[in-house]
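**Student:** A structural model of the following input is requested.
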Amino acid sequence: MLAEPATIAIVGLGFIIVIIVIALFFGLFVMSVYNKLVTLRNRYKNAYAQIDVQLKRRYDLIPNLVETAKGYMAHERGTLQAVTEARNIAYAASKTAAANPGDSSAIKNLASAETGLGGTLSRLMMVSEQYPDLKANQNMMQLTEELTSTENKISFARQAYNDSVMTYNTDREVFPSNLIAGMFNFAPAELFVVDKPEQKDAPKVSFS
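**Tutor:** Purely as a prediction, here's the structure:
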């Protein structure tokens, strides 16, 4: 009769140990998935930071480009003004996106603004073809070369960012990671996609 309570106690202790072990493994699993999601989120945010560096570089180049063109394109004020306005809109959108690359609406607004800026720059480049003296201007040639180089860097940085976003989004959507993502509010990230063809590639203009 005395063995029965002891047996019950042992069984009860064993059950408690099993529960503790299961809880420990579950805790380790949650921590592992959580840390992986944090790592992937930081990775795409860092990738966006590389885009931001190149965008700022381009935003700094555009006013100089417009000022140089003004001296030769007196009758193209509308085109020059459109470039300046589009640049300012894109610059403001980039600041918002840089503050929180995880904000899907901010990335969408930036992509839209960049599409608009790309369109106005393309029009400026096409119009500038009608001004031989402008094409021969050394400052204009240098600015255009730097702008084209920066556009290429933006394109590469955007691809790296989108790759990181895809990895993060895929990981947060698959089971059982999606359960942890939901528990800790890991929101989906937005791809930085430019819709218009003229923005997908750097403007192909030669001032030589």
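**Student:** all helices of this protein, in order?
**Tutor:** According to DSSP state H, the chain carries its helices in the segments 3-70, 77-99, 104-128, 132-136, 138-173, 177-183, 197-200.
**Student:** same list, these, but as CSV with mean neighbour count please.
**Tutor:** To be clear about C-beta, it is placed using only N, CA and C from the backbone, and glycine gets the same treatment. Supplementary listing: the helices of the chain in CSV, determined by neighbours: other Cβ atoms under 10 Å:
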stretch, mean neighbour count
helix 3-70, 14
helix 77-99, 17
helix 104-128, 19
helix 132-136, 14
helix 138-173, 17
helix 177-183, 15
helix 197-200, 15
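**Student:** now do the contacts for the residue lying closest to Thr84 once chain neighbours are set aside.
**Tutor:** In space, and not counting its chain neighbours, Thr84 is closest to Val66: 5.8 Å by Cβ to Cβ, 6 or more residues apart in numbering. Contacts here follow Cβ atoms under 8 Å, 6 or more residues apart in numbering; on that basis Val66 touches 80, 83-84.
**Student:** let's have the residues you listed in CSV, adding pLDDT.
**Tutor:** Rendered in CSV, the data for the contacts of Val66 read as follows (pLDDT from 0 to 100):
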residue, pLDDT
Leu80, 92
Val83, 95
Thr84, 95
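**Student:** ok, so of the residues you listed, who is nearest Asn178?
**Tutor:** Nearest to Asn178 among the contacts of Val66: Val83, at 44.1 Å, using Cβ to Cβ.
**Student:** and the residue nearest to that closest one when sequence neighbours are not counted, how far is that from Tyr91?
**Tutor:** Once flanking residues are discounted, Val83 sits nearest to Thr120: 4.6 Å by Cβ to Cβ, 6+ apart. Between Thr120 and Tyr91 the distance is 13 Å, computed by Cβ to Cβ, to the nearest Å.
**Student:** if I look at Ala23, how far off is Leu37?
**Tutor:** Look at Ala23 and Leu37: by Cβ to Cβ, they are 21 Å apart.
**Student:** repeat that for Ile107.
**Tutor:** Taken as Cβ to Cβ, the spacing of Ile107 relative to Leu37 amounts to 19 Å.
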